[in-house]
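**Q** 3D, please:
(chains A, B, C and D)
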There are 2 protein chains.
Amino acid sequence: MRKPSRPDGEDLRLADRLHSFAIHLLRRLREADRVSSITPAQLSALSVIVYQGPVSLKDLAAAEQVTPPTMSRIVRLLEGVGLVQRLVDPNDRRALGLLATAEGRRVLQEGRGERLRILAKGLDRLSSSEKQVVSGAISILERILVKP
Amino acid sequence: MRKPSRPDGEDLRLADRLHSFAIHLLRRLREADRVSSITPAQLSALSVIVYQGPVSLKDLAAAEQVTPPTMSRIVRLLEGVGLVQRLVDPNDRRALGLLATAEGRRVLQEGRGERLRILAKGLDRLSSSEKQVVSGAISILERILVKP
DNA sequence: TTAGACTAGTTAGGTATCCTAACCATTAGG
DNA sequence: CCTAATGGTTAGGATACCTAACTAGTCTAA
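**A** Okay, here's the model as predicted:
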């Protein structure tokens, strides 16, 4: 008899706790976004553009899990306020190479920085050995995000 | 000399890793929501209604970090498809006591279950001692979510 | 080499989500 | 009472999301 493919109750309970924690953590950190000058969807797209270098609209849409028309609009708004510029790929003149401007990188770091400061302040309440446990757990968990 | 109130670099790095992990985890799990019959905002509000028992619109809006008019509309839609019912608080006839219907609880469990199954499948790849580290870390991290 | 298939992106049009401002209805305090 | 405060809704506007249909550039194969 092989192990059933259905996850067992133990894993489900751990999954539940992890899921719940992630939701509540991000909900708390979202409070920081209120001071940002751009919307959450725009900030998230900008983040991908900043870190993934020149990226096509198609890839950007896939990364953000939205359709190309939706991303087209978001990019137009980001471009309109000067946070992103669009280049045309010389090898394929249909495709875009989206890049962040210096101002775009600044705005992103500003929003992200506020989130991280809030979170770091929470972590500050942990002992040094507790932080080690957390750090180790993240290293472990990062593996489950790698597509199988 | 006291420790500076500014979080140190160590905490910021750990915060960054934790933040990034939470974002990527929820982004991955969001793929499961595509099969749900209701939208993410509605699912999230429904979740609060199911777990927080009879709740006022004001409190629900605060929990979801939106304004009362926004929540008013979401509740109207949820009520329209029979997932939520509104009672009037007899002690304060202005206030609502929002409750999930049996169908509402079913729809919520359906969507949540799919997310948890995906996550549990990922956790299944960890060894039993790794799961213990993760479990311990979550217990520690849950403390930083408690409002100071 | 050129017709047809395919791919990247945009436009059009609809619903949902979010906001602020303004508005009822009810409650609480003087 | 009568005014101020509170819970919710309505109105109106911007963004975010989708599908369907379109344009323009690329690739393939006869």
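**Q** Now do the same contact list for the residue nearest in space to the middle of chain A.
**A** Per CA atoms, centre = their mean, the C-alpha nearest to the average position across chain A is that of residue A:44, at 6.0 Å. Each residue near residue A:44 by CB atoms under 8 Å, 6 or more residues apart in numbering or on different chains is listed here: residue A:64. (Glycine included, C-beta is placed from N, CA and C.)
**Q** so residue A:19 sits in a helix?
**A** Yes - assigned with DSSP: H, G, I helix; E, B strand; the rest coil, residue A:19 falls within a helix.
**Q** is it true that it touches residue B:32?
**A** No - counting by CB atoms under 8 Å, residue A:19 sits too far from residue B:32 to count as a contact (10.7 Å).
**Q** Now the common contact residues for these two.
**A** residue B:115.
**Q** Please, where are all the helices along chain A?
**A** Here chain A has its helices, by DSSP state H, at A:9-29, A:40-51, A:57-64, A:68-80, A:102-123, A:128-145.
**Q** How about the helix or strand bottoming out on mean pLDDT in chain A and DNA strand C, touching?
**A** In chain A, the helix or strand scored least confidently by mean pLDDT, DSSP states H and E is helix A:9-29, which has a mean of 88. No - using CB under 7 Å from any atom of the strand, helix A:9-29 stays clear of DNA strand C, with a minimum separation of 11.4 Å.
**Q** now for that helix, which elements pack on it?
**A** Under the contact criterion of 3 or more CB pairs under 8 Å, 6 or more residues apart in numbering or on different chains; DSSP states H and E, helix A:9-29 touches helix A:102-123, helix B:9-29, helix B:102-123, helix B:128-145.
**Q** ok now that helix, how far from the chain's centre?
**A** 17 Å (CA atoms, centre = their mean, to the nearest Å).
**Q** Kindly report the same for stretch A:69-86.
**A** 18 Å.
**Q** got it, and stretch A:78-89?
**A** Offset of stretch A:78-89 from its chain centre (CA atoms, centre = their mean): 20 Å.
**Q** Name the residues of that stretch that come out as buried.
**A** A:78, A:83, A:84, A:85 (16 or more other CB atoms under 10 Å in any protein chain shown).
**Q** out of these, who's nearest residue A:59?
**A** If you rank those by distance to residue A:59 using CB to CB, residue A:84 comes first, at 14.3 Å.
**Q** The closest one bridge partners, please.
**A** residue A:100 (DSSP bridges).
**Q** What's the separation between the closest residue to residue A:46 other than its chain neighbours and DNA strand D?
**A** Excluding the flanking residues, the one nearest residue A:46 by CB to CB, 6 or more residues apart in numbering or on different chains is residue A:108, at 5.2 Å. Distance of residue A:108 to DNA strand D, computed by CB to the nearest atom of the strand, to the nearest Å: 14 Å.
**Q** Residue A:34 now?
**A** 14 Å.
**Q** Tell me the residues of chain A that contact DNA strand C?
**A** By CB under 7 Å from any atom of the strand, the residues of chain A that approach DNA strand C are A:56-59, A:68-69, A:71-73, A:75-76, A:86, A:92, A:94-96.
**Q** Just the buried residues out of those residues, in PyMOL syntax.
**A** Selecting only the buried entries of the residues of chain A next to DNA strand C in PyMOL, with 16+ other CB under 10 Å as the criterion:
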select buried, chain A and resi 56+57+71+75+95+96
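**Q** of all the helices of chain A, which lies closest to residue B:123?
**A** Among those, helix A:9-29 sits nearest to residue B:123 (CB to CB), with 4.9 Å.
**Q** is any part of the closest one close to DNA strand D?
**A** No - counting by CB under 7 Å from any atom of the strand, DNA strand D has no neighbours in helix A:9-29; the shortest distance is 14.3 Å.
**Q** Show me which positions of that helix end up buried.
**A** Quick answer for helix A:9-29 (16+ other CB under 10 Å): A:11-12, A:14-15, A:17-19, A:21-23, A:25, A:28-29.
**Q** Let me know the angle separating it from helix A:128-145.
**A** Counting by axes from the mean of the first three to the mean of the last three CA atoms, to 10 degrees, helix A:9-29 points 110 degrees away from the direction of helix A:128-145.
**Q** Contacts for helix A:9-29, please.
**A** Identification of contacts with helix A:9-29 by CB under 8 Å, 6+ apart yields A:7, A:115, A:118-119, A:141, B:18-19, B:22-23, B:25-26, B:29, B:65, B:115-117, B:119-121, B:123-124, B:131, B:134-135, B:138, B:141-142, B:145.
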